[in-house]
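Engineer: please find the sequence and the predicted model below.
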Amino acid sequence: MRSKIFSVRNFKEILRDPVNISLGLAFPLIILLLLWFINRNIPAQARMELYQVENLIPGIAVFGYSFICLFSATLISKDRSTAFLARLYASPMRPRDYIFGYTAPMLPVAFAQTIICYAAAVLLGLKLNGFALLSVAAQLPTAAMFIFLGLLAGSLFNDKQVGGICGALLTNLCGWLSGTWFDLSLIGGAFKKAAYCLPFANAVDVGRLALYGSFGAEFRQKLSVVCAYALVIGALSVFSFRCKMKAQ
Amino acid sequence: MLAIQTKALTKSYGDICAVSALDLEVRQGELYSLLGVNGAGKSTTIRLLCGLLDPTSGSAEVCGHDVVSKRQTVKERINLSPQETAIAPNLTVEENIAFFAGIYGKEKSCVQNIIEKLHLGEIVKQKAKTLSGGWQRRLSIAIALVTEPEVLFLDEPTLGLDVLARRELWSLIRSLKGKTTVILTTHYLEEAEALSDRIGILSAGKLIAVGTADELIAQTGTASFEDAFVTLCTKEADDNAQ
């Protein structure tokens, strides 16, 4: 019950911040539109396959999650930097209430963001079929991973550091190493290998493969990489939050 | 009956002793002020009593429950209004109060009662972040009171308030006497003098004097409570230096 009450508070805090709405929703949509327009306005023979809407949208969705991570981390770090969390620590809330309360409300926000991005993609030519819905569903482990990353960053850093780490570093990592803006094979070699050791490119490929209806070994392998990252980051975030709670 | 009792309560950080062998007794319904210069150990004592810190040694009981072994039970009976205004900025006044009432399992009717009692009606739909400092303080106190705590810790409740807002809060705090045990920390000596049943003075983590304001004045042979406080603190500092 307490965790539900706390998650409702966090949900309202996030949705009532106009910066969150404009960054989390508008920014990915603007990038989607921008890349779609660029691709449409160049001669047909020069068009990039990567910027076809069905290749673009999974990457945009994953990129959007970096903002979800930023919102979550900012909320937690602000609560920590004000006396709000100290006040809650003196209340009967238990550690599990905090962890559920901070993570649970982010899931519907991430899901809504994904739906809106995919809906925009449908307006731009993406076929609305079962695979599109499966692609949305296949992004859920990625969303969970970013939400846990937000809990981890919010537990460890102050709100200014969170702005730098989640707002600048993560969004850039997510953009450059996900294969959304450019094909990782263009650079290849160690860069591509390093990119695929991280979860971002795997997450984008999971979305793309689901859109193509390709659920074979490659899909399962890439999904398991994302799930493994989500589990490890989830465990780390819970551990660090509990440690910080004790330390405070 | 005692609402708070500590026995040789000690909290050390390495070589630094923030609270040293504190023996504190606060009666039920009493308004007890903890005074001391910066770094005297007031905040650490409050954090120990709220179960936010584990003591290095000694023990503390709040409402008859040990703050370490019965931490959860203690937390259900207390509330802390921290020095900084601890409110949810994007929630309205009503939502803030309802949120904390819910955390403590209180009925929704409590929310309306406290809104009326603290005259928050005119700002009830306003977001907390848009309130003036005085209103935010009042909201912070309302949040503490809506949970109907047996023991209420007020850490610098009137810090940064103008005279009128401070006087208003004083009358509110006075109205709690006899019903709620209040532990007040403040740097405003006239506040402690005006509100407290008893005053404890901390210096370098030790409780160096306890009594009513008049008793402390008499004990030090000074003309005012401020002089008594200064005398006690400087004497202790001199003793420690020797």
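Structural biologist: All right, it came through fine.
Engineer: quick one: residues in contact with stretch A:11-30.
Structural biologist: A:60-61, A:63-64, A:67-68, A:70-72, A:75, A:105-106, A:108-109, A:113, A:116-117, A:120, B:88-91, B:95, B:127 (CB atoms under 8 Å, 6 or more residues apart in numbering or on different chains). For the C-beta atoms, the positions are set from N, CA and C on the backbone; glycine is no exception.
Engineer: one more pass at 7 Å, please.
Structural biologist: Under the contact criterion CB atoms under 7 Å, 6 or more residues apart in numbering or on different chains, stretch A:11-30 has outside partners A:60, A:63-64, A:67-68, A:71, A:75, A:105, A:109, A:113, A:116-117, A:120, B:88, B:90-91.
Engineer: so how far is that stretch from its chain's centroid?
Structural biologist: Chain-centre distance of stretch A:11-30: 13 Å, with CA atoms, centre = their mean, to the nearest Å.
Engineer: what about A:V53, how many neighbours?
Structural biologist: As a burial measure, A:V53 scores 21 neighbours (other CB atoms under 10 Å in any protein chain shown).
Engineer: tell me the phi and psi of it?
Structural biologist: Phi and psi for A:V53, reported as degrees, to the nearest 10, are phi -60, psi -30.
Engineer: for it, give its distance to chain B.
Structural biologist: 35 Å (CB to the nearest CB, to the nearest Å).
Engineer: from what I see, that residue and A:V122 are in contact.
Structural biologist: No - using CB atoms under 7 Å, A:V53 is not in contact with A:V122, being 8.7 Å away.
Engineer: send me stretch A:195-202 as PDB with only the CA atoms.
Structural biologist: Extracted C-alpha coordinates of stretch A:195-202, given in PDB (Å, rounded to 0.1, in the frame of the first residue of the first chain):
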ATOM      1  CA  ALA A 195      29.100  -1.400 -29.300                       C
ATOM      2  CA  TYR A 196      27.700  -4.900 -29.200                       C
ATOM      3  CA  CYS A 197      29.200  -5.600 -25.800                       C
ATOM      4  CA  LEU A 198      27.000  -2.800 -24.500                       C
ATOM      5  CA  PRO A 199      23.200  -3.100 -24.500                       C
ATOM      6  CA  PHE A 200      22.200  -0.200 -26.700                       C
ATOM      7  CA  ALA A 201      22.800  -1.700 -30.200                       C
ATOM      8  CA  ASN A 202      21.400  -5.100 -29.000                       C
END
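Engineer: pLDDT on it, on average?
Structural biologist: What stretch A:195-202 shows for mean pLDDT is 93.
Engineer: buried ones in that stretch?
Structural biologist: Residues A:195-196, A:199-202 are the ones in stretch A:195-202 that count as buried (16 or more other CB atoms under 10 Å in any protein chain shown).
Engineer: so the one residue sitting closest to the centre of chain A versus A:L15, what's the distance?
Structural biologist: In chain A, the centroid-proximal residue (CA atoms, centre = their mean) is A:Y65; its distance is 1.9 Å. Note on A:Y65: its distance to A:L15, by CB to CB, to the nearest Å, is 17 Å.
Engineer: using the three-state scheme, assign B:I183.
Structural biologist: Following DSSP: H, G, I helix; E, B strand; the rest coil, B:I183 is assigned to strand.
Engineer: which residue, other than its chain neighbours, is closest to it?
Structural biologist: B:F153 (4.9 Å; CB to CB, 6 or more residues apart in numbering or on different chains).
Engineer: please apply the same query to B:S81.
Structural biologist: B:A144 (4.3 Å).
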